[in-house]
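Novice: here is a sequence with its predicted model. Questions after.
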Amino acid sequence: AAGVIQSPRHLIKEKRETATLKCYPIPRHDTVYWYQQGPGQDPQFLISFYEKMQSDKGSIPDRFSAQQFSDYHSELNMSSLELGDSALYFCASSLLRGGVNEQFFGPGTRLTVL
Amino acid sequence: SQQGEEDPQALSIQEGENATMNCSYKTSINNLQWYRQNSGRGLVHLILIRSNEREKHSGRLRVTLDTSKKSSSLLITASRAADTASYFCVVGGTSYGKLTFGQGTILTVHP
């Protein structure tokens, strides 16, 4: 069965640079979520999209923005990167129309900011 | 969604033994999910139990839910070294949206 695809899997950036993370949800899933997991931390919700519209927002810095495109893939854009942005970034998708918020996670993008 | 609290924070057992992890929550729920995360890797959805269910099985996993006590347990039978991971419970309310993860239970299975 198709899973959530994230790219790239690893990314190394310098401080103040920008990064773009991509997420391809499971086909026919209508909702995409982004989570950030710092070293030794539990995953923290950043932002979500339902049918290409932002549906919820968590503790996402103003330097970050995200969108969901017509083909349902999503991109998380991170600007003015800081050392503290080094983390695992997960994308998850679910089919909310199915009535249950069962989220399926991608393998994550490991971002390292030097 | 509200946060579930896992207990214990860490569990260390020998291969072949059973592992039991518990989760408590505070308000009424629609469903409860368990996820596994191997060190530094992705989150894997293990099982979802709805509020009108009391027990659910999936392979070597058994999940129970007691809504009167606002608690759930995850039992892994005949554990293997590959079961070594962090286990998170996530409680789902009547509204959909983000998942709120707790600190999880770190399970170590020694060969």
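Specialist: The structure has been received and is ready for your questions.

Novice: the residue nearest to the spatial centre of chain A and chain B: what is the separation?
Specialist: Most central in chain A under C-alpha atoms, centre = their mean is residue A:34, positioned 3.2 Å from the mean C-alpha point. Distance check for residue A:34 against chain B: by C-beta to the nearest C-beta, to the nearest Å, it reads 10 Å. The C-beta positions use only the backbone N, C-alpha and C, and glycine is treated the same way.

Novice: over to residue A:7?
Specialist: As for residue A:7, its distance to chain B is 14 Å (criterion: C-beta to the nearest C-beta).

Novice: contact partners for that residue?
Specialist: By C-beta atoms under 8 Å, 6 or more residues apart in numbering or on different chains, the contact list for residue A:7 reads A:21-22, A:24, A:109.

Novice: which of those sits closest to residue A:70?
Specialist: Using C-beta to C-beta, residue A:24 is the member of those that lies nearest residue A:70, at 13.2 Å.

Novice: could you report the neighbour count for that closest one?
Specialist: Using other C-beta atoms under 10 Å in any protein chain shown, residue A:24 has 19 neighbouring residues.

Novice: beta-bridge partners for it, please?
Specialist: Using DSSP bridges, the bridge partners assigned to residue A:24 are residue A:5.

Novice: contacts only, for residue 108.
Specialist: Unless you meant another one, I'm taking chain A. Contacts here follow C-beta under 8 Å, 6+ apart; on that basis residue A:108 touches A:6, A:9, A:37, A:88-90, B:41-42.

Novice: wrong one, I was asking about chain B
Specialist: When contacts are counted by C-beta under 8 Å, 6+ apart, residue B:108 touches B:10-13, B:84.

Novice: what about those residues, which are in strands?
Specialist: Among the contacts of residue B:108, the ones falling in strands (DSSP state E) are B:10-13.

Novice: pick out whichever of those residues sits closest to residue A:104.
Specialist: residue B:11 (25.7 Å).

Novice: what is the closest one paired to in the beta sheet?
Specialist: When residue B:11 is checked against DSSP bridges, its beta-bridge partners turn out to be residue B:107.

Novice: was I right to think it contacts residue B:17?
Specialist: No - Residue B:11 is beyond contact range of residue B:17, at 10.1 Å (criterion: C-beta atoms under 8 Å).

Novice: the two: who's more crowded?
Specialist: residue B:11 (18 against 12).

Novice: ok, now which ones touch the more buried one?
Specialist: For residue B:11, the residues meeting the contact criterion (C-beta under 8 Å, 6+ apart) are B:19, B:21, B:105-108.

Novice: filter the residues you listed down to the buried ones and hand me the ChimeraX line.
Specialist: Command for ChimeraX, covering only those of the contacts of residue B:11 found buried under the criterion 16 or more other C-beta atoms under 10 Å in any protein chain shown:
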select /B:19,21,105,106,107
